[in-house]
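[1] could you look at this predicted model? Sequence included:
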Amino acid sequence: MSEFLLIFISAILVNNFVLKYFLGICPFIGVSDEVTASLNMGMAVTFVMTFTAPVVWLIHTFILARFNLPFLEYVTDIIVIASLVQLVEMFIKKTSRALYNTLGIYLPLITTNCAILFSALFLVLRGYNLIQSIIFGFGSGIGFTLAIVIMAGIREELEFADIPQPFKGAAITLLVAGLMALAFMGFAGMPSA
Amino acid sequence: MNTVTLVAVLSMAGLGAFFAFILAILSKKLSVKDDPRVEEIKAILPGVNCGACGVASCQLFAERLLAKKVAVNGCVPGGAEVAERLAAVLGVESGETVKKVAVVHCGAGLKERKLRADYRGLKTCSAAVMVAGGELACTYGCLGYGDCDRSCPFDAIRMVDGLPQIDLVKCTGCGKCVEACPRGIISLEIWDDSYPLVTVACNSLDKGKVVRKVCPVGCIACKICEKLAPELFKIDDNLARLDTPKLKENDNWEKPLEKCPTKCIVKLSS
């Protein structure tokens, strides 16, 4: 049990995808100007990550590892992710048209979100079993959501701040991201999986 | 063919087919019924996404139209024709549409312009204006870098002799150029082709003396036009203003046009 908890906490805080590995920066900067939109984005990413993990694990264990085809890893990961993103897109379009319009181009772009691809690659690399994979995928998604929501909260406040002209826009956003990453380094002292 | 290749190809094909199959089933189950009229409406709309209606795109306009959030005659570039066709699709009255065209209020060509500085920056009006208001001696006149030309979604503007020439047939009155011009030289005027379009080709609020120094064709607020045709022309803030819609009933514009000492009253339509 503690092993699962360790994987989970480690994926969220200690080895946060955005703030430790700098993966998934594109939506992290792109959709983080509003808390609700970024929360929804985070949930979509979490969904895709959580379901990618077991499917990738199954394909890896029963096809790629068995027939000795490790070079197909990336391609299969992309197929799985693309299909799941398509599914999420259909689902969101059906359930919430407003959310569909808010996420806009970033929704199909989840396909090429490197955070998701890397969560698929990491779970193979670290030799997780099926349940560990699901927990790792879910934790990574929560970690991404956490980072993007914090970022959105800060950026909403920044709207009212008197920022010097040269730092306005993307510059201050990247500075904030850097400071957040520094703060998250504080978790590195915790035992990680 | 060796076995690794064979297995690789087969497994990839299998996986691809498997996911395709799942997606195909789910796309049927989760399909959203888009109103077929959206496509129909989009086909009628000009499709240039100019934003003159106040909605970001033609797609969105079509959706809002079906939700009755915008009016059938809301499409500015489409004008009366599009409004009628949309009304036919939706089975409602099209209502009145007012046709507007863009009119340029500056008549100084390249040789009439006097410079007060040498500008070597970016060749756009908006950039030139940012550098101490541009290089022209006249702080109201056309800079001639063609921001309006680039903004026009209907290819109705051509830069001739440093001035935008508006094709009154192609112009739909969407107002993109009005937004693009940093000097506010272009305005939208109510006009259909049943009467001649006349305008004051000057935008300068400077006093006559100042205008004379910087431009040979600027309005010097001499009030001759106001005297000759008081119902059409009016001097306000050192600039002659013409009540364009009144041209429909009143064709008393020829005399002021002739007598204007700086020839800044011009006829735009043929």
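    Okay, I see it.

[2] quick one: buried residues of stretch B:166-186?
    By neighbour count on 16 or more other Cβ atoms under 10 Å in any protein chain shown, the buried set for stretch B:166-186 is B:166, B:168, B:171-178, B:180-183, B:185-186. Where C-beta positions appear, they are placed from N, C-alpha and C, glycine not excepted.

[3] quick one: low-confidence parts of chain A?
    A:190-193 (pLDDT under 70).

[4] change it to 50
    Low-confidence segments of chain A (pLDDT under 50): A:193.

[5] show me where it has its helices.
    A:2-9, A:25-30, A:35-59, A:73-95, A:97-103, A:114-125, A:130-158, A:170-185 (DSSP state H).

[6] which other residues reach the fourth one?
    Counting contacts by Cβ atoms under 8 Å, 6 or more residues apart in numbering or on different chains, the residues outside helix A:73-95 that touch it are A:44, A:47-48, A:51-52, A:55-56, A:59-60, A:63-64, A:99-100, A:103, A:107-108, A:110-111, A:116-117, A:120-121, A:124, B:12, B:15-16, B:19, B:22-23, B:26-27, B:30-32.

[7] kindly recompute the last result at 6 Å.
    Applying Cβ atoms under 6 Å, 6 or more residues apart in numbering or on different chains, the contact partners of helix A:73-95 are A:44, A:47-48, A:51-52, A:55-56, A:59, A:99-100, A:107, A:110-111, A:116-117, A:120, B:15, B:19, B:23, B:30, B:32.

[8] what is the burial count for the closest residue to A:Cys114 other than its chain neighbours?
    Nearest residue to A:Cys114 in three dimensions, chain neighbours excluded: A:Leu23, at 4.8 Å (Cβ to Cβ, 6 or more residues apart in numbering or on different chains). Using other Cβ atoms under 10 Å in any protein chain shown, A:Leu23 has 21 neighbouring residues.

[9] B:Tyr119 now?
    B:Tyr119 has 17 nearby residues by other Cβ under 10 Å.

[10] test my guess that it contacts B:Leu136.
    No: contact criterion Cβ atoms under 6 Å: B:Tyr119 and B:Leu136 do not qualify, at 8.9 Å.

[11] how about the residues of chain B by chain A?
    B:7-8, B:11, B:15, B:19, B:23, B:30, B:32 (Cβ under 6 Å from any Cβ of the partner chain).

[12] what residues sit buried inside the helix or strand hosting B:Arg37?
    Element membership for B:Arg37 (DSSP states H and E) is helix B:36-44. Applying a neighbour-count criterion of 16+ other Cβ under 10 Å, one finds B:41, B:44 buried in helix B:36-44.

[13] check stretch B:65-81 too.
    Buried residues in stretch B:65-81, counting neighbours by 16+ other Cβ under 10 Å, are found at B:65, B:70-79.

[14] and the helix holding B:Arg37, what other elements does it pack with?
    On a contact count with 3 or more Cβ pairs under 6 Å, 6 or more residues apart in numbering or on different chains; DSSP states H and E, helix B:36-44 meets helix B:58-66, helix B:79-90.

[15] contacts for that helix next, please.
    Here helix B:36-44 makes contact (Cβ under 6 Å, 6+ apart) with B:58, B:62, B:82, B:85-86, B:89.

[16] now the buried members of those residues.
    B:58, B:62, B:82, B:85-86.

[17] how about these in CSV, adding pLDDT?
    Output for those, formatted as CSV (pLDDT from 0 to 100):
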residue, pLDDT
B:Cys58, 85
B:Ala62, 86
B:Val82, 87
B:Arg85, 86
B:Leu86, 86
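
[18] and the furthest pair within those?
    B:Cys58 and B:Arg85 (13.9 Å; Cβ to Cβ).

[19] what does chain A put close to chain B?
    Residues of chain A found near chain B (Cβ under 6 Å from any Cβ) are A:63, A:67, A:69, A:72, A:79, A:83, A:86, A:90, A:93-94.

[20] for the residues you listed, pick the one with the most neighbours.
    Going by other Cβ under 10 Å, A:Ser83 tops the residues of chain A next to chain B with 23 neighbours.

[21] how about the helices of the stretch 1-150 of chain B, start to end?
    Using DSSP state H, counting those that start in this stretch, the helices of the stretch 1-150 of chain B run over B:3-29, B:36-44, B:58-66, B:79-90, B:125-130, B:147-151.

[22] what do you get for the stretch 151-270 of chain B?
    Counting by DSSP H, counting those that start in this stretch, the helices of the stretch 151-270 of chain B are B:176-180, B:208-214, B:224-228, B:254-259.

[23] most tightly surrounded among these?
    Mean neighbours per residue, mean count of other Cβ atoms under 10 Å in any protein chain shown, is largest over the helices of the stretch 151-270 of chain B for helix B:176-180, with a mean of 20.

[24] can you list contacts of it?
    Helix B:176-180 is touched from outside by B:50, B:102, B:147-148, B:151-152, B:186, with contacts defined as Cβ under 6 Å, 6+ apart.

[25] would you agree B:Cys75 is in contact with B:Arg85?
    No: if you go by Cβ under 6 Å, B:Cys75 and B:Arg85 don't touch, sitting 10.1 Å apart.

[26] so who does whichever residue of the stretch 101-250 of chain B sits closest to chain A touch?
    Closest contact between the stretch 101-250 of chain B and chain A, by Cβ to the nearest Cβ, is at B:Met130 (13.5 Å). By Cβ under 6 Å, 6+ apart, the contact set of B:Met130 is empty.

[27] quick one on the thing from earlier: ok, the buried residues of stretch B:65-81 vs B:Asn203, which is closest?
    Closest to B:Asn203, out of all of the buried residues of stretch B:65-81 and judged by Cβ to Cβ, is B:Val76, at 22.9 Å.

[28] I'd like to know how far that closest one sits from chain A.
    In this view, B:Val76 and chain A are 23 Å apart by Cβ to the nearest Cβ, to the nearest Å.

[29] buried stuff in stretch B:227-239?
    In stretch B:227-239, counting by 16+ other Cβ under 10 Å, buried: B:228-229, B:232-233, B:235, B:239.

[30] of those, which is the nearest to B:Lys246?
    Among the buried residues of stretch B:227-239, and counting by Cβ to Cβ, the member closest to B:Lys246 is B:Leu232, at 5.8 Å.

[31] quick one: residues contacting that closest one.
    By Cβ under 6 Å, 6+ apart, the neighbours of B:Leu232 are B:243, B:246, B:250.
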